[in-house]
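**Q** what shape does this take:
(chains A and B)
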Protein chains: 2
Amino acid sequence: MTTQGKVTVDLSVSLDGFSAGLGQSEDRPFGADGGDGWGSKLHAWAEDAEEMRLQLEMLGQTKAFIMGRNMFGPVRGEWDRPWNGWWGDNPPYHGPVFVLTHHAREPQVMEGGTTFYFVTDGIESAFKQAREAADGGNISIHGGATTVNQYLAAGLIDELRLRIVPITLGAGTRLFDGVGQLDLEQVESRDAGSFMHVTYRVLS
Amino acid sequence: MTTQGKVTVDLSVSLDGFSAGLGQSEDRPFGADGGDGWGSKLHAWAEDAEEMRLQLEMLGQTKAFIMGRNMFGPVRGEWDRPWNGWWGDNPPYHGPVFVLTHHAREPQVMEGGTTFYFVTDGIESAFKQAREAADGGNISIHGGATTVNQYLAAGLIDELRLRIVPITLGAGTRLFDGVGQLDLEQVESRDAGSFMHVTYRVLS
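**A** Numbering: from 1, shown residues only, chains lettered A, B, ... in the order given. Model (predicted):
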């Protein structure tokens, strides 16, 4: 029996349960969440150097990533223009990233060890490929909320690390849409001053 | 100028933003939240003596209460059967409680200083009466979520004290339904082990 790493989620969520506002676009990757363009209120923590250090440390403990196509970028339908993610030539993943899409594309090798693989045959297939690539290490179901919902509903997530941000959005993409009744265990919390960072283990 | 107390809300909320499950009834006052009857998962904290002591201490700092009729009881429509609340002869309020209803009823004096007043002319009227009764003291918009929503939308709440409980419900009454975009400030947090107790100041 091979030891398997944890399957984690790390997301910012508003007090009313949204992980993104409406209307994602190339100029506003997190949608309308009350911030201006990249100045997302849900992700204001990223402007804090210490928070960013903690985040990169967590990424470093993760050996494979799965993300939805909308998190990868704003291109919809066919890959009819060049797009290699929001993160520049050297993305912060430094490992394999499996992007869920309905449109096949060759793997995209980036600097620093990140490779984007495009998976067209569903979330279970992406999960299996990520497990193999992680080789016993942790996997991050990296977002957005729609992708996380599917993995939560499939019972494939071990741990949720939420930044609970003191705003309400009223509209957008809900983290727990379609998930139904779940029991979790609160395993760790950190008061970051302007938000709470709470880790939950998924029990059922 | 008279000094005015704070207008507070103290509620338990699931990770997906519900303050009650579906199907409230006399045997199940909090609706279907995964608990069994009064054994509400959202309110499991009430079984802990220290948590209950903190809650009663908070109630003691509150000079007037406003609650919706569904929080007061399961009777709907006319007051066609005796009902004096869920809390027995000596309710834990020890002061005036203004119950929002469409059906007029004489004030109900209880033991220990609690009197239930039935307000039929809307949330602003109840608020005005509570302000007068509190005489500069704190007012609690005591619930349920539907009542809190209306006061939030009207901009009348200063502080939210939330118990963030690690369950999801998938259905029920949402705390922030119809409230839209709000900015809050996180002012205090307490890790209670099985849940988070976080206090927010409403900014806008």
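**Q** excluding chain neighbours, what is closest to residue A:166?
**A** Residue nearest to residue A:166 in three dimensions, not counting chain neighbours: residue B:184, with 3.9 Å by CB to CB, 6 or more residues apart in numbering or on different chains. For every residue, glycine as well, the C-beta is placed using N, CA and C.
**Q** what sits against that neighbour?
**A** A:15, A:166-168, B:160, B:200-203 (CB atoms under 8 Å, 6 or more residues apart in numbering or on different chains).
**Q** please redo it, this time with the cut-off set to 6 Å
**A** A:166, B:200, B:202-203 (CB atoms under 6 Å, 6 or more residues apart in numbering or on different chains).
**Q** again with residue A:201
**A** The neighbours of residue A:201, taking CB under 6 Å, 6+ apart as the test, are A:159, A:185, A:187.
**Q** show the buried residues in the contacts of residue B:184.
**A** When the contacts of residue B:184 are checked for burial by 16 or more other CB atoms under 10 Å in any protein chain shown, the buried set is A:166, B:200, B:202.
**Q** related to what we said a few turns ago, out of the contacts of residue A:201, which is nearest to chain B?
**A** Proximity of the contacts of residue A:201 to chain B, judged by CB to the nearest CB, is greatest for residue A:185, which lies at 6.3 Å.
**Q** for that closest one, give the beta-bridge partners.
**A** Partner residues in beta bridges with residue A:185: residue A:201, with DSSP bridges as the criterion.
**Q** what's the neighbour count on residue A:53?
**A** 10 (other CB atoms under 10 Å in any protein chain shown).
**Q** what residues does chain A have near chain B?
**A** For chain A, the residues in contact with chain B (CB under 6 Å from any CB of the partner chain) are A:16-17, A:34, A:166-168, A:170, A:176, A:179-184, A:186, A:189, A:191, A:196, A:200.
**Q** could you identify the buried members of those residues?
**A** Neighbour counting by 16+ other CB under 10 Å classes A:16-17, A:34, A:166-168, A:170, A:176, A:179, A:181-182, A:184, A:186, A:189, A:191, A:196, A:200 among the residues of chain A next to chain B as buried.
**Q** among these, which lie within helices?
**A** Counting by DSSP state H, none of the members of these fall within helices.
**Q** and of the contacts of residue B:184, the nearest to residue B:61?
**A** Ranking the contacts of residue B:184 by separation from residue B:61, with CB to CB as the measure, puts residue B:200 on top at 17.5 Å.
**Q** the closest one reaches residue B:158, doesn't it?
**A** No. In this structure residue B:200 lies outside contact range of residue B:158 using CB atoms under 6 Å: 9.9 Å.
**Q** then the helix or strand encompassing residue A:70 to PDB, C-alphas only?
**A** Take DSSP states H and E as the rule and residue A:70 turns out to sit in helix A:69-72. Output of helix A:69-72 as PDB, limited to C-alpha atoms (Å, rounded to 0.1, in the frame of the first residue of the first chain):
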ATOM      1  CA  ARG A  69     -10.500  26.100 -16.900                       C
ATOM      2  CA  ASN A  70     -11.900  29.400 -15.600                       C
ATOM      3  CA  MET A  71      -9.200  29.500 -13.000                       C
ATOM      4  CA  PHE A  72      -6.600  28.900 -15.600                       C
END
